[in-house]
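Enquirer: build me a model:
(chains A and B)
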Amino acid sequence: NAGVTQTPKFRVLKTGQSMTLLCAQDMNHEYMYWYRQDPGMGLRLIHYSVGEGTTAKGEVPDGYNVSRLKKQNFLLGLESAAPSQTSVYFCASSYPASDYEQYFGPGTRLTVT
Amino acid sequence: GNSVTQMEGPVTLSEEAFLTINCTYTATGYPSLFWYVQYPGEGLQLLLKATKADDKGSNKGFEATYRKETTSFHLEKGSVQVSDSAVYFCALSLPLQGAQKLVFGQGTRLTINP
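Expert: Have a look, this model is predicted:
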């Protein structure tokens, strides 16, 4: 099993450009999450999904959109990138229970200039 | 609100030293508690967890006990190795409209010197 994979690993964008980050999991997990990691702030939840075709906002959703058209994939979109979105983005997935661990992907490092 | 506060880093120790990384939390209800570890260039991996008061989580020589009375979940290891160098995150888990919300501390960078 590959677990959780993320594409791309690195990306540099100019302000105003758009891009999509892809997350894929092969563990048949119902729940998927997108986080951003900034220095000294831990990870913060951007959006999450409790199943195919459903999405919801997390703590810091502004400037991002998501889609979950297939159970195994969770896409994070930036329509018009801003320097404040420079961060490391992590995708995670889990079974539907609060004491189950979340499995994380390796991350995407995004720089917006 | 719900929050996690970790001991500030970075922490530098010599091999075979005793490790403690402090973690305290504020939460409504009864969260599950986790320690995640992030090795250089990788995503987070679950190190250990505890789901109720007085539970002790353990893995790879690391331990942490869920202390409800002091709202703490301190991470300990009796003898650290160079391979333990990583960033450690304490987190609590709360229900979120059917899903699970993880609230993370800011992370503690640990460096072990040979």
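Enquirer: and the nearest residue to B:T70 once chain neighbours are set aside, how many neighbours?
Expert: In space, and not counting its chain neighbours, B:T70 is closest to B:T24: 7.4 Å by C-beta to C-beta, 6 or more residues apart in numbering or on different chains. C-beta coordinates here come from the backbone N, C-alpha and C atoms, glycine included. Residues near B:T24, counting by other C-beta atoms under 10 Å in any protein chain shown, number 17.
Enquirer: against which helices or strands is the strand or helix carrying B:T24 packed?
Expert: Here B:T24, judged by DSSP states H and E, is contained in strand B:23-26. Contact partners of strand B:23-26 among helices and strands, from 3 or more C-beta pairs under 8 Å, 6 or more residues apart in numbering or on different chains; DSSP states H and E: strand B:3-6, strand B:32-38, strand B:86-96.
Enquirer: please identify the most buried of those.
Expert: Comparing the helices and strands packed on strand B:23-26 by mean neighbour count (mean count of other C-beta atoms under 10 Å in any protein chain shown), strand B:32-38 ranks first with a mean of 24.
Enquirer: strand B:32-38 and the following helix or strand past it, what's the angle between them?
Expert: Later in the chain than strand B:32-38, the nearest helix or strand by DSSP H and E is strand B:44-50. Here strand B:44-50 runs at an angle of 150 degrees relative to strand B:32-38 (axes from the mean of the first three to the mean of the last three C-alpha atoms, to 10 degrees).
Enquirer: beta-bridge partners for A:Y31, please?
Expert: Note on A:Y31: beta-bridge partners by DSSP bridges are A:S94.
Enquirer: that one touches A:C91, doesn't it?
Expert: No - here A:Y31 lies out of contact with A:C91, judged by C-beta atoms under 8 Å, at a distance of 11.4 Å.
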